[in-house]
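Undergrad: coords please:
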Amino acid sequence: MATAEHVSEPVEGLTIPRLLRRNARRFGDRPALTTGPGPEAGTLLWSQLRAEVAALARGFTVLGLQRGDRVLIAMSERAEHWIADLAAVHVGALPCSTDDTLSTAQIRAVARHSAATVLVLEGEEQLRRWRPVLDDLSHLRAVVLLDWSAAPAGDPRFVGYTAVRGALPPDDAGFEALTDAVAPDQPLALVYAPGATGGPEGVVLSHREVIHESLTQDRRLPVPDHPRSVACPPAGHVAERALGMYLPIRHAGHVTLCPEPDQLLPALRAVRPHAFFGTPGVWEGLAAALRAKLAELPEERTTAPGQTRTTAPEAHRPHSGGGDVPTDPAETPERLDARVARPLREAVGLDDCHRALSGGAPLPAGVPEFLASVGLPVHEVRGVGEATGAAATGAATTGAATTGAAEARTAETGETPPGPSPRRHVAADEPHTAAIEPTHP
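TA: Model prediction:
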């Protein structure tokens, strides 16, 4: 199991680029990213993923991208999304994934505030939504388009993803220098969420924060070595970024990317993930699928979930009086009738899930209790961008929490390593230069 003691190599000096290099060298023949379920799915090994990141990073420098610049990415869950994000990080730029649900007005507000110099789009759908705002972006130098067939004629700002990727020949020494140049307290990503006044509010995450976040999650909810996971939209959600991208990099895990929401259930069944983060809507849909499956069983085989359901709410009720939360909600599956509970979880591909997480909003009433009753306790991640998406992790609807990345401790000393300080907010009405200020002194 990937416990804190198992994975806690020295954390000082670690960055996402250095972890990617470690994965390519030590686990280069292990799968990193698979796009979609099924036999036609394409897979990148960790060595291949890093080579793709290196190629695109070289191309980004040709576009003039440099340290402190911002890169907006509007793509579905696909390997090129990861590659563009990590390539920007290696150059020292600040990537930001945008949500496909943003309106044109919200896109304009985020794009203007970020002062992005490079925009990476997937294809015709993303171009349709972004084109009305392009002329308003005074800092924009280039639009990288993955599907070149969708490019508008005669607009010199547009360049093909393939052309950028192949702009320069390999330069291993140069890429290693970029990897070494990134510091732990350097900004890693920019995440936007609705602000208190309705406008977008940006939050800067650092390498140190997301690595400590990983260690914190390991102490709370251990997963096996090289865990399998499924990533589904929204890629712009801070928790999906922290839990769906940075944690798998930390563990050299295998992520199956699910670009289409209607393919999520087949993906879960095919992958049987060890870790899965879903929005409340996703968990509500999975609960409905489980209820439908339960209804198909003979009455005598539904007794165990029914009995457990009477005790599950107690394990998931808020403990506002300050007392301890029950220490073993994860024991609930052990009390279920194995003939019923596990087959139910198998039906949605979550029979081997060690880390089930939800975020973005509270789970609907009754959903966490029902899921716990069939042996699938879902833990909510709390805090938004200012806390790397999981400042607190607890059984859904409870006050149980693992708070802040400072909870992580090294195996060697048992001491808390130097942890992140409060995150740097970037409100919509601040000058765009504030977005690149370091998050730590």
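Undergrad: what about the strands in the stretch 201-350 of the chain?
TA: Here the stretch 201-350 of the chain has its strands, by DSSP state E, counting those that start in this stretch, at 228-231, 254-257, 275-278.
Undergrad: for stretch 63-83, which residues meet the burial criterion?
TA: By 16 or more other C-beta atoms under 10 Å, the buried positions in stretch 63-83 come out as 63, 65, 68-83. Bear in mind the C-beta positions are built from the backbone N, C-alpha and C, glycine included.
Undergrad: from the chain's centroid, how far away is that stretch?
TA: Here stretch 63-83 is found 15 Å from its chain centre; the criterion is C-alpha atoms, centre = their mean, to the nearest Å.
Undergrad: shouldn't residue 256 be in contact with residue 272?
TA: No: the pair residue 256 / residue 272 is not scored as a contact, 10.3 Å apart, by C-beta atoms under 8 Å.
Undergrad: these two: who's more crowded?
TA: Neighbours were counted for residue 256 and for residue 272 using other C-beta atoms under 10 Å; residue 256 has more, 23 against 15.
Undergrad: what helix or strand is residue 32 on?
TA: strand 31-35 (DSSP states H and E).
Undergrad: any idea of the mean pLDDT for that strand?
TA: Taken as a whole, strand 31-35 carries a mean pLDDT of 96.
Undergrad: residues in contact with it?
TA: For strand 31-35, contacts defined as C-beta atoms under 8 Å, 6 or more residues apart in numbering pick out 23, 41-46, 48-49, 77-79, 82, 248, 252, 254-257, 259.
Undergrad: try it again at 7 Å.
TA: By C-beta atoms under 7 Å, 6 or more residues apart in numbering, the residues outside strand 31-35 that reach it are 41-46, 49, 78-79, 82, 254-257.
Undergrad: again with stretch 280-287
TA: Contacts for stretch 280-287 (C-beta under 7 Å, 6+ apart): 264, 348, 358, 360, 361, 362, 363, 364, 367, 370, 371, 378.
Undergrad: which single one of those is nearest to residue 341?
TA: residue 371 (11.0 Å; C-beta to C-beta).
Undergrad: so what's the residue count around that closest one?
TA: 26.
Undergrad: right, and it touches residue 364 too?
TA: No: with contact defined as C-beta atoms under 7 Å, residue 371 does not reach residue 364; the gap is 11.0 Å.
Undergrad: picking up where we left off before, among the contacts of stretch 280-287, which ones are buried?
TA: 264, 348, 358, 360, 363, 367, 370, 371, 378.
Undergrad: need the residues you listed in TSV with secondary structure, can you?
TA: Below are these laid out as TSV (DSSP: H, G, I helix; E, B strand; the rest coil):
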residue	secondary structure
264	helix
348	coil
358	strand
360	coil
363	coil
367	helix
370	helix
371	helix
378	coil
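Undergrad: run through the stretch 51-200 of the chain and note the low-pLDDT ranges.
TA: Counting by pLDDT under 70, the stretch 51-200 of the chain shows low-confidence ranges at 194-199.
Undergrad: quick one, strands of it?
TA: Remark: strands assigned in the stretch 51-200 of the chain by DSSP E, counting those that start in this stretch are 70-74, 94-97, 118-121, 142-145, 158-160, 187-194, 200-206.
Undergrad: now tabulate those in CSV and tack on distance to residue 18.
TA: Listed next are the strands of the stretch 51-200 of the chain as CSV, based on distance: least, C-beta to C-beta, whole Å:
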stretch, distance to residue 18
strand 70-74, 20
strand 94-97, 17
strand 118-121, 24
strand 142-145, 25
strand 158-160, 29
strand 187-194, 12
strand 200-206, 14
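Undergrad: how about residue 352: what's its closest non-neighbour residue?
TA: Spatially, and ignoring its direct neighbours in sequence, residue 352 is nearest to residue 272 (4.9 Å; C-beta to C-beta, 6 or more residues apart in numbering).
Undergrad: so the one you found touches residue 347, yeah?
TA: No: the pair residue 272 / residue 347 is not scored as a contact, 11.5 Å apart, by C-beta under 7 Å.
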